[in-house]
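> Model the following, please.
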Amino acid sequence: MKKLVALLVALLTGSVLVACGENSKDPNASPFFPDDALSIVAATELKDLEPLVMQASRDLGFPITLEFHGGTLQNSQDLKNGKFNGEVDATWMATNRYVDLIGARGALADETKIASSPVAFGVNKAKAKELGWDIKQPTWSDFADAAREGKFTFGMTDPSSSNSGFSALVSVATAMADTGSALTDHDVEKVSPRLQELFQALTLVSGSSGWLADVFKEDPSKADAIINYESTLHQLRAEGAAIEVIVPADGVISADYPLSTLAEPKNDDAAAKVKALSAWLLDHQQSVAESFRRPVSDVENMPAELQGQTVIELPFPGNYGTVQSLVDRYNNEFRTRGNTTFVLDTSGSMEGERLDSLKEIMTSLIDGSAATDTGNVSLRDGEMVTLQQFASVPYVPFTGEYNSADPAVKKQFQDYIDGFQAGGETNIYDTLIDVITKTDPKAGITSIVLLTDGEVTAGRDLATFKQDYDRITLKKGTVPVFVILYGEANVEEMNLLADMTGGAVFDALNGDLAEAFKEIRGYQ
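This is a model prediction of the structure:
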């Protein structure tokens, strides 16, 4: 392997130095990332390997850039849609199996698997000991039994947007079907009662693995465990989280991190550079293993934290329709119901195009047409939804249980949205206090979405809000506020608000308001 790396470096270094010299003649060329740099679109969960890739760049003698556009599911769809053709050289995702599932394999020229990491549970140590999981590796059925008996709660990312959640959902369905073959529609139907038993124990959801891990670490009372990549969970444990990392004994689907050249790369020498980088990473498997990812070679020297548990690899689905049906049933049948409040600014500054856009977006959530490349993000059956309009004061809200099959229910939601008229000042904090006071944090998976296009011009200020918020939530618990930055919103204040409530900020100041609403749906 070392001879191969040396040969590839020798072949590449001369051409790279010449190319860098040509780039230096261009006063607009980046001194760090020249046009001929090997550009790689990587999944966001690989950010921790960026220093290792930079070391490889120095050793190999050519520049490498990592671009973190999104997660594996979205990157795979972008690959299928041709968004990377001629723009980047390679992809490095959690897996290419999803690429195969959606029929995008032709966009890739090759692949080299660099490491693996199964999805796993990070279980609070006390809970693991209570259930005996510290001495016996449990199965998915054991987790479902504990969930049914009310002994266990957990958090997971949204399988419509995150590969860790997607892999977990497919893993449990395949393991419980126990056929030894790829999942079928019949299998999903057969195991659906057990899936509902497990996913009714969900108390925390997220659109990203990173946010899920951060919230669980900061407030372990949110859940007894989270599902995430084994590597992420061990990193969390190394940072001080008191958890046992448990891979279900009856099988999982692992990330295998293939480094792949595009069929239509940006640079002509992309394939040779990807081959050199792949060889370098395979020659530095111990460094890869330090991130708690399982090496594909030199496994006898695998870190002790990754030894001692059986990892059975399950077959990946081959039918996209089966997967779509499974994810849809997860959203509308299996998982804990959401308790969602949309706090919507209709002050005078929302007049015209802004209010029209808000009405259109909310209508898409109601009529079922809201979707991303990776799945539908409309309101879910059984979701308790409150629409709270505000301007100078909080208006009378509307609350109802959404049912996609009931036109009368959908009309009630739609009538409230159609009645929006812009006018008045912006009273954010009085409205939020009113909403938080009425919200039960334990009534399903609760969340508040705040859309505002301006600064506070009426009612409480942030300091007063914080005092009242701390008093109200001291005994009842907190509800995350997800803030959409829009128009002339006060960025600093809104970030403080999100941090205070355990939520997050989604930036639509210069972007797409509809996309911000869609992204938030993974957290509800």
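> ok, which stretches of the stretch 1-150 of the chain are strands?
Counting by DSSP state E, counting those that start in this stretch, the segments of the stretch 1-150 of the chain that form strands are 38-43, 64-70, 90-92, 112-113, 115-124.
> Run through who's touching the second one.
Here strand 64-70 makes contact (C-beta atoms under 8 Å, 6 or more residues apart in numbering) with 33, 37-44, 46-47, 50, 53-54, 56-57, 75, 78, 88, 92, 273, 277. Using the backbone N, CA and C atoms, a C-beta is placed for each residue, glycine as well.
> In that strand, which residues are buried?
Of all the residues in strand 64-70, those buried under the rule 16 or more other C-beta atoms under 10 Å are Ile64, Thr65, Leu66, Gly70.
> Among these, which has the minimum pLDDT value?
Across these, the bottom pLDDT score, 84, is held by Gly70.
> Ile520 versus that one, what's the distance?
Spatial separation of Gly70 from Ile520 under the definition C-beta to C-beta, to the nearest Å is 15 Å.
> who touches the residue most central in space within the chain in this structure?
The residue lying closest to the centre of the chain (C-alpha atoms, centre = their mean) is Ser208, at 2.2 Å. With contacts defined as C-beta under 8 Å, 6+ apart, the neighbours of Ser208 are Thr44, Gly71, Thr157, Ser162, Gly522.
> what's it sitting at in phi/psi?
Its backbone dihedrals place Ser208 at phi -150, psi 150, with angles given as degrees, to the nearest 10.
> per-residue pLDDT, it?
On pLDDT, Ser208 comes in at 86.
> In the stretch 1-150 of the chain, what residue spans correspond to helices?
Per DSSP state H, counting those that start in this stretch, the stretch 1-150 of the chain carries helices over the ranges 2-23, 50-60, 72-80, 97-101, 125-130, 140-148.
> try the stretch 201-350 of the chain
Ranges of helices within the stretch 201-350 of the chain are 209-218, 230-238, 270-283, 285-289, 320-329, based on DSSP H, counting those that start in this stretch.
> Which positions within the second one qualify as buried?
Going back to what we said before, that points to helix 230-238. Residues of helix 230-238 classed as buried: Glu230, Ser231, Thr232, Leu233, His234, Gln235, Leu236, Arg237 (neighbour count, 16+ other C-beta under 10 Å).
> list the contacts for the second one?
In this case it means Ser231. Ser117, Ser291, Phe292, Arg293.
> Just confirm Tyr429 contacts Ala458, I think it does.
No. With contact taken as C-beta atoms under 8 Å, Tyr429 and Ala458 are classed as non-touching, separated by 9.3 Å.
> Any chance of a markdown table for the contacts of Ser231, columns neighbour count and distance to Leu282?
A markdown table is the format used below for the contacts of Ser231 (neighbours: other C-beta atoms under 10 Å; distance: C-beta to C-beta, whole Å):
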| residue | neighbour count | distance to Leu282 |
| --- | --- | --- |
| Ser117 | 27 | 16 |
| Ser291 | 17 | 15 |
| Phe292 | 24 | 18 |
| Arg293 | 28 | 13 |
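> Looking at the residues you listed, spot the one nearest Gln414.
Within those, proximity to Gln414 (C-beta to C-beta) peaks at Ser117, which comes in at 44.1 Å.
> does that closest one have beta-bridge partners, and which?
Partner residues in beta bridges with Ser117, using DSSP bridges, are Ala255.
> how about the nearest residue to Leu326 once chain neighbours are set aside, what does it touch?
When the adjacent residues along the chain are set aside, Leu326 lies closest to Val188, with 5.2 Å between them (C-beta to C-beta, 6 or more residues apart in numbering). Neighbouring residues of Val188 by C-beta under 8 Å, 6+ apart: Ala173, Ala177, Thr322, Ser325, Leu326, Arg329.
> I'd like to know how far Val188 sits from Ala144.
Between Val188 and Ala144 the computed distance is 15 Å (C-beta to C-beta).
> One more: Ala304?
Spatial separation of Ala304 from Ala144 under the definition C-beta to C-beta is 30 Å.
> So the two - more neighbours on which side?
A direct count of neighbours by other C-beta atoms under 10 Å for Ala304 and Ala144 places Ala144 higher, at 24 against 6.
> Which element, helix or strand, includes the residue nearest to the more buried one when sequence neighbours are not counted?
Using C-beta to C-beta, 6+ apart and skipping residues adjacent in sequence, the residue nearest Ala144 is Leu198, 4.0 Å away. Leu198 is part of helix 185-199 when elements are defined by DSSP states H and E.
> Next, the buried residues of that helix.
Using 16+ other C-beta under 10 Å as the burial criterion, the residues of helix 185-199 that qualify are Asp187, Val188, Val191, Ser192, Arg194, Leu195, Gln196, Glu197, Leu198, Phe199.
> ditto for stretch 136-149
For stretch 136-149, the buried set under the neighbour-count rule, 16+ other C-beta under 10 Å, comprises Pro138, Thr139, Trp140, Ser141, Asp142, Phe143, Ala144, Asp145, Ala146, Ala147, Arg148.
> What of stretch 283-297?
With burial defined by 16+ other C-beta under 10 Å, the residues of stretch 283-297 counted as buried are Asp283, His284, Gln285, Ser287, Val288, Ala289, Ser291, Phe292, Arg293, Arg294, Pro295, Val296.
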